[in-house]
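here's my sequence, what's the structure:
(4 chains)
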2 protein chains.
Amino acid sequence: MESGQAILALGALAQDTRLDVFRRLVQHEPDGIAAGELARLVAVPQNTMSSHLAILLRAGLVTAERQSRSIIYRANLAAFQAVALFLLQDCCGGRAEICAPLIASLTPCCPPPKKKRAKEKADA
Amino acid sequence: MESGQAILALGALAQDTRLDVFRRLVQHEPDGIAAGELARLVAVPQNTMSSHLAILLRAGLVTAERQSRSIIYRANLAAFQAVALFLLQDCCGGRAEICAPLIASLTPCCPPPKKKRAKEKADA
DNA sequence: ACCGTATTTCCAGAATGATCGAAATAGTGA
DNA sequence: TCACTATTTCGATCATTCTGGAAATACGGT
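From the prediction side, this is the model:
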């Protein structure tokens, strides 16, 4: 990921409403949320929400898909991962002392990428 | 970490010059860089650099320490980790599918937090 | 075709941010 | 004290962002 794209994404997330929106979109992940409902949830006018969504869209953090009358917005998890990865690798720059504790803190949140998968094979 | 502080930090990093500065500060980590040298490295006037540094300072991403005539700026790695962790945990929100591939991508960058004896299992 | 709903675009005002010249402040050494 | 260096603060300008009212566009049902 190039720096300009990362800056765009960071700037997109560096705003109350948009961070809130993105959070909600991640939570509703495979389904997505329509623009109007998003405006209602966050309690902002539709046009204001529309411009915020346009910024998130330009940053590549969300996708939009028309579904009959509504437009469903979904979080782009891959893009989000790319931004996080850029931030860590770029600033980490080979310095393990930054990432290592982060991995440690993150692991309890998510199942660790286990390498030992011996029992499943033996089952067959 | 609270959302407002994270937004401050994300906004601080969402700018060319400041991202560049932070990168350099991380690379020069324990030593830090003086404000003037930073301005020279990034090729911006001193007062412009000063305002950027003030923003990074306010966001808690760097620390400043006067050392005789110069003021040495250092990256606050703990704060950076906190921001990254916030971003991932907050948006992850219990969704492992976001963090798991990130951990996987991050691990080759940094030595995995495990014991250095990798040959053990091969002996068995 | 018409109407109602969903969303965006257009426009403008207020607020914030970026940039930098010039002046002010903090420190060092003679 | 004085001169010198390093950095910040002040002030001004230009660009960008946030916000929302009003109008325009897109879609589906009748």
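
strands of chain A, start to end?
A:33-34, A:62-67, A:70-75 (DSSP state E).

mind giving me the packing neighbours of the second one?
Read it as strand A:62-67. Under the contact definition 3 or more C-beta pairs under 8 Å, 6 or more residues apart in numbering or on different chains; DSSP states H and E, strand A:62-67 sits against helix A:46-58, strand A:70-75. No exception for glycine: its C-beta is placed from N, CA and C like everyone else's.

show me what contacts the nearest residue to residue A:34 once chain neighbours are set aside?
Closest residue to residue A:34 apart from its sequence neighbours, by C-beta to C-beta, 6 or more residues apart in numbering or on different chains: residue A:70 at 3.9 Å. Residue A:70 is in contact with A:34, A:35, A:36, counting by C-beta atoms under 8 Å, 6 or more residues apart in numbering or on different chains.

what about residue A:5, neighbour count?
Number of residues near residue A:5 (other C-beta atoms under 10 Å in any protein chain shown) recorded here: 15.

sorry, that was for residue A:17
For residue A:17, the neighbour count with other C-beta under 10 Å is 18.

what does residue A:3 give?
13.

for residue B:14, see how far away it is.
11 Å (C-beta to C-beta, to the nearest Å).

flag every buried residue along the longest helix along chain A.
When chain A is scanned for its longest helix (criterion: DSSP state H), the result is helix A:77-92. For helix A:77-92, burial by neighbour count (16 or more other C-beta atoms under 10 Å in any protein chain shown) applies to A:77, A:79-89, A:91-92.

format these as CSV; extra columns: distance to DNA strand D and pLDDT.
Putting these into CSV (distance: C-beta to the nearest atom of the strand, whole Å; pLDDT from 0 to 100) gives the following:
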residue, distance to DNA strand D, pLDDT
A:77, 22, 92
A:79, 18, 94
A:80, 18, 93
A:81, 23, 90
A:82, 20, 92
A:83, 17, 93
A:84, 20, 91
A:85, 23, 90
A:86, 19, 92
A:87, 19, 90
A:88, 24, 87
A:89, 25, 83
A:91, 21, 68
A:92, 26, 70
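
doesn't residue A:38 make contact with residue A:21?
Yes: Residue A:21 is within contact range of residue A:38, at 6.0 Å (criterion: C-beta atoms under 8 Å).

please enumerate the shared neighbours of the two.
Here residue A:21 and residue A:38 have A:49, A:53 as joint contacts, going by C-beta under 8 Å, 6+ apart.

circling back: okay, the residue nearest to residue A:34: pLDDT?
On pLDDT, residue A:70 comes in at 95.

what residues does chain A put near DNA strand D?
Within chain A, the positions lying close to DNA strand D (C-beta under 7 Å from any atom of the strand) are A:11, A:15-18, A:44-45, A:47-48, A:51-52, A:55, A:66, A:68-69.

make a ChimeraX selection of the buried ones in the residues you listed.
Only the buried entries of the residues of chain A next to DNA strand D go into this ChimeraX selection, using 16+ other C-beta under 10 Å:
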select /A:11,15,17,18,44,52,55
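
near DNA strand C, which residues of chain A?
Contact residues (C-beta under 7 Å from any atom of the strand) of chain A with DNA strand C: A:34-37, A:39, A:46-47, A:49-51, A:53-54, A:64, A:69-71.

greatest separation within the residues you listed: which pair is it?
The largest separation in those, counting by C-beta to C-beta, is between A:51 and A:69 at 20.2 Å.

picking that back up, out of residue A:21 and residue A:38, which sits in the more crowded spot?
residue A:21 (29 against 25).

now do the same contact list for the residue nearest in space to the middle of chain A.
Geometric centre of chain A, nearest residue: residue A:80, 3.8 Å, by C-alpha atoms, centre = their mean. Residue A:80 is in contact with A:9, A:22, A:26, A:61, B:91, B:98, counting by C-beta under 8 Å, 6+ apart.

got it, and residue A:73?
Shown in contact with residue A:73 (C-beta under 8 Å, 6+ apart): A:25, A:32, A:33, A:34, A:35, A:38, A:53, A:56, A:62, A:63, A:64.
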